[in-house]
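Peer 1: Following is a predicted model, sequence given first.
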Amino acid sequence: MAELRTRPEKASVAEFLGSIADENRRRDCEAIADLMQDVTGAAPVMWGASIVGFGRYHYRYESGREGDWMLVGFSPRKKDITLYLMAGFDRLPELMQRLGKHKTGKSCLYVKKLDDVDRTVLRDLVRSSVDAMAGQRVDR
């Protein structure tokens, strides 16, 4: 079975965030890091070269594939800041409607900047995802 390429690294999260050239994007990412650390109670860890993750959960697919993955995380991608909320969004339509300007994938939330979204609603979304994954959490 192939091994995941994206896994926890020993690289410095502070150095990674400090290397974000755009000052506004850097501040947004620092604020997201603070929010996620506060909600999860877990220290930030680099996952691969460009994802900051918090906490871990264990997954096991019907195929037999299993492993550990970040509970929540984010990455300052070229176009958007991508937030990884592993529980997804389908069960939270009222929060998603109140969030503000965003796009979603299955477990990805895409925002251009934090000023586009309601930070209280964002915190509620992160909290909801962490709570939904609590039974699979392995970092506590």
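Peer 2: Looks like it arrived, so ask away.

Peer 1: in the top helix by length along the chain, what counts as buried?
Peer 2: When every helix of the chain is counted residue by residue (DSSP state H), the longest turns out to be helix 23-40. Buried residues in helix 23-40, counting neighbours by 16 or more other CB atoms under 10 Å, are found at R25, D28, C29, I32, A33, L35, M36, Q37, V39, T40. Where C-beta positions appear, they are placed from N, C-alpha and C, glycine not excepted.

Peer 1: Make JSON lines out of the residues you listed and add pLDDT and distance to R119.
Peer 2: Putting those into JSON lines (pLDDT from 0 to 100; distance: CB to CB, whole Å) gives the following:
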{"residue": "R25", "pLDDT": "97", "distance to R119": "16"}
{"residue": "D28", "pLDDT": "98", "distance to R119": "10"}
{"residue": "C29", "pLDDT": "98", "distance to R119": "14"}
{"residue": "I32", "pLDDT": "98", "distance to R119": "10"}
{"residue": "A33", "pLDDT": "98", "distance to R119": "13"}
{"residue": "L35", "pLDDT": "98", "distance to R119": "7"}
{"residue": "M36", "pLDDT": "98", "distance to R119": "12"}
{"residue": "Q37", "pLDDT": "98", "distance to R119": "15"}
{"residue": "V39", "pLDDT": "98", "distance to R119": "12"}
{"residue": "T40", "pLDDT": "98", "distance to R119": "16"}
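
Peer 1: Nearest to V126 among those residues?
Peer 2: Using CB to CB, V39 is the member of the buried residues of helix 23-40 that lies nearest V126, at 4.8 Å.

Peer 1: K101: neighbour count?
Peer 2: The burial count assigned to K101 is 11, neighbours taken as other CB atoms under 10 Å.

Peer 1: hang on, it packs against L109?
Peer 2: No: with contacts counted by CB atoms under 8 Å, K101 stays clear of L109, the gap being 11.3 Å.

Peer 1: going on from the helix or strand where L109 lies, what's the next piece of helix or strand?
Peer 2: Using DSSP states H and E, the element containing L109 is strand 108-111. With elements assigned by DSSP H and E, the helix or strand that comes after strand 108-111 is helix 119-132.
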